[in-house]
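Enquirer: I'll drop the sequence and a predicted model, then ask my questions.
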Amino acid sequence: MKKAFSFLIFFITLTSYSFAVENYTTQTDRPENIQVLLAKNVDEALFESKGSYVVLNPLDGSRITSSLTGKRFMLKATSTGIKWGEEYPGIHQIYVVPKSKNSSLLVNGIQYEGAICVFKMKNKIHIINDVNIESYLKSTLTPQFPYPMENEVMAAITIAARTTAYSHVKRNKEAFWHVSADEIGYQGRAVIQLDSHVSNAVDRTRHIILVLSDKGENRPFAATWTENSAGKTAAFHTIFRKDWWAPKAGVEAPHAAINRAESKWSYKISKKELASLLNVQSISAVDLYTDTFSKKTYAVKLITNSDTQDIDFETFQKIVGKENLLSNDVTVIAGNSDIIFTGYGKGFGVGLCLHSANLMAQNGDNAAKILSKFFPDTYLLNLSAMPHKGVK
């Protein structure tokens, strides 16, 4: 999400989303929506409505225009407003909603559920998908989990992902969008498979999230997962150096600890090659900053001939390659010409350990027990049982 500029009109737009959707769709039990940035500062985009639609002014929910048939034109900013086939003079933001279940909206050939908001800023356009969280989960989880998992593990993953989505919404109520499609791998309706293991898990756990009580508030939080923690998990804030309302302690993961030796990996790279990747003149040594409890690395110190440079591990891993540095449970040895990284497990070691969860499920543990193990002091909340499906 971004808040780099002050734009009062668009802030009002976000607060009007629910009004627009509830008055022009057939959804009667709509869950909370999340706003996903699809395009930022672009000159134009191909925008299509297959079937009937209505174009609203998000300032007050008033109708600008509507049609019983589809429409396909380039969407762009003009000197006086926005153009989508016809011009909307004096209108700098529009909100397009399908009028029936058989209608759909496409941006650059990709179909999206929910509505599309477009706003103009300095002769460029931003495009945002206002989509319900359940559909959002199906889209984001499907590419990450192409193969079936234990049912209770998939349920736990889905609840964790929903918790994180609600956290984005609640933490960023005044943001212009909650998440960016590029950053979270959101591909809209295109990747959703209606009867897949992911879709079934989302439907089975519908509206269930984790919350952490803090000063009288039930807060959803960043509930992440790691493929194999190699024996211990780290607290979210110790690795990513931000709070995001997550639990403040990691946990022991005995199932992964048993497998620790089998999860060992190593990677050797020359000092010259690493220096080139990191755009520094030379590297004499590498030091690691680690979490006290889990020993997971959260940052790397590069020592050159003239100074030092700190890089967070997530950035360092992206530069060196995720296929090379499999985890942050790592040690490093610098030789005369090479640097050797030796590690265990896979992933950042934060949140739900999937290796452990899989073994727990095979031993008969359900999603609730799995989640309570890796997210201590939290509890499940069914939002559909609350009067307004909300959390504070």
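Expert: Right, received. Where do you want to start? Being a predicted model, the structure only gives us computed values, none of them experimental. Residues are numbered from 1 along each chain as shown.
Enquirer: send the alpha carbons of the helix or strand containing Phe316 over as CSV?
Expert: Here Phe316 is covered by helix 313-320, with elements defined by DSSP states H and E. Below are the C-alpha coordinates for helix 313-320, written out as CSV (Å, rounded to 0.1, in the frame of the first residue of the first chain):
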residue,chain,number,x,y,z
PHE,A,313,18.2,-10.8,4.9
GLU,A,314,15.1,-10.7,2.7
THR,A,315,16.8,-8.3,0.3
PHE,A,316,20.1,-10.2,0.5
GLN,A,317,18.4,-13.4,-0.4
LYS,A,318,16.6,-11.9,-3.4
ILE,A,319,19.9,-10.6,-4.7
VAL,A,320,21.9,-13.8,-4.2
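Enquirer: after that helix comes which helix or strand?
Expert: Using DSSP H and E, the helix or strand that follows helix 313-320 in sequence is strand 330-334.
Enquirer: what does that next one contact?
Expert: Residues outside strand 330-334 that contact it (Cβ atoms under 8 Å, 6 or more residues apart in numbering): 271, 283-288, 297, 339-344. (C-beta placed from N, C-alpha, C; glycine too.)
Enquirer: mind doing that once more with 10 Å?
Expert: Outside strand 330-334, the residues within contact range by Cβ atoms under 10 Å, 6 or more residues apart in numbering are 265-268, 271, 274, 283-288, 290, 295-297, 300, 303, 313, 317, 339-345.
Enquirer: where in the protein is pLDDT low?
Expert: 1-31, 386-392 (pLDDT under 70).
Enquirer: residues near Pro334, how many?
Expert: Rather than Pro, residue 334 is Ala. Ala334 sits with 16 neighbouring residues when counted by other Cβ atoms under 10 Å.
Enquirer: now which of the contacts of strand 330-334 would you call buried?
Expert: Taking 16 or more other Cβ atoms under 10 Å as the criterion, what is buried in the contacts of strand 330-334 is 265, 267, 271, 274, 283, 286, 288, 290, 295-297, 300, 313, 317, 339, 341, 343-345.
Enquirer: who touches the helix holding Phe316?
Expert: 239-241, 267, 269, 273-274, 277-279, 286, 288-290, 296-300, 302, 310-312, 322-328, 330, 339, 341, 348.
Enquirer: run the last query once more with 8 Å
Expert: Counting by Cβ under 8 Å, 6+ apart, residues outside helix 313-320 touching it are 239-240, 267, 269, 274, 277-278, 297-300, 311, 325, 328, 348.
Enquirer: distance from the chain centre to that helix, please.
Expert: Using Cα atoms, centre = their mean, to the nearest Å, the mean C-alpha position of helix 313-320 is found 19 Å from that of the whole chain.
Enquirer: now the host helix or strand of Gln309: buried residues?
Expert: If you go by DSSP H and E, Gln309 is part of strand 308-312. By 16+ other Cβ under 10 Å, the buried positions in strand 308-312 come out as Asp312.
Enquirer: tell me the bridge partners for Val211.
Expert: In this entry, Val211 is beta-bridged to Tyr379, by DSSP bridges.
Enquirer: which helix or strand lies directly C-terminal to the helix or strand harbouring His126?
Expert: Using DSSP H and E, the element containing His126 is strand 124-132. Next helix or strand after strand 124-132 toward the C-terminus (DSSP H and E): helix 133-144.
Enquirer: C-alpha coordinates for that next one, CSV please?
Expert: C-alpha atoms of helix 133-144 as CSV (Å, rounded to 0.1, in the frame of the first residue of the first chain):
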residue,chain,number,x,y,z
ILE,A,133,-11.4,-11.3,0.8
GLU,A,134,-12.6,-14.8,0.1
SER,A,135,-12.1,-14.5,-3.7
TYR,A,136,-8.8,-12.7,-3.0
LEU,A,137,-7.6,-15.7,-1.0
LYS,A,138,-8.5,-18.2,-3.8
SER,A,139,-6.5,-16.1,-6.3
THR,A,140,-3.4,-15.6,-4.2
LEU,A,141,-3.1,-19.1,-2.7
THR,A,142,-3.8,-21.1,-5.8
PRO,A,143,-0.4,-20.4,-7.5
GLN,A,144,1.4,-21.0,-4.1
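Enquirer: just want the angle from that helix to strand 124-132.
Expert: Taking axes from the mean of the first three to the mean of the last three Cα atoms, to 10 degrees, one finds helix 133-144 and strand 124-132 inclined to each other by 100 degrees.
Enquirer: hey, where'd the strands end up in the stretch 201-350 of the chain?
Expert: 208-214, 217-219, 225-226, 264-270, 285-290, 297-303, 308-312, 330-334, 338-344 (DSSP state E, counting those that start in this stretch).
Enquirer: make JSON lines out of those and add distance to Ala39.
Expert: Putting the strands of the stretch 201-350 of the chain into JSON lines (distance: least, Cβ to Cβ, whole Å) gives the following:
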{"stretch": "strand 208-214", "distance to Ala39": "29"}
{"stretch": "strand 217-219", "distance to Ala39": "31"}
{"stretch": "strand 225-226", "distance to Ala39": "29"}
{"stretch": "strand 264-270", "distance to Ala39": "37"}
{"stretch": "strand 285-290", "distance to Ala39": "37"}
{"stretch": "strand 297-303", "distance to Ala39": "33"}
{"stretch": "strand 308-312", "distance to Ala39": "28"}
{"stretch": "strand 330-334", "distance to Ala39": "37"}
{"stretch": "strand 338-344", "distance to Ala39": "38"}
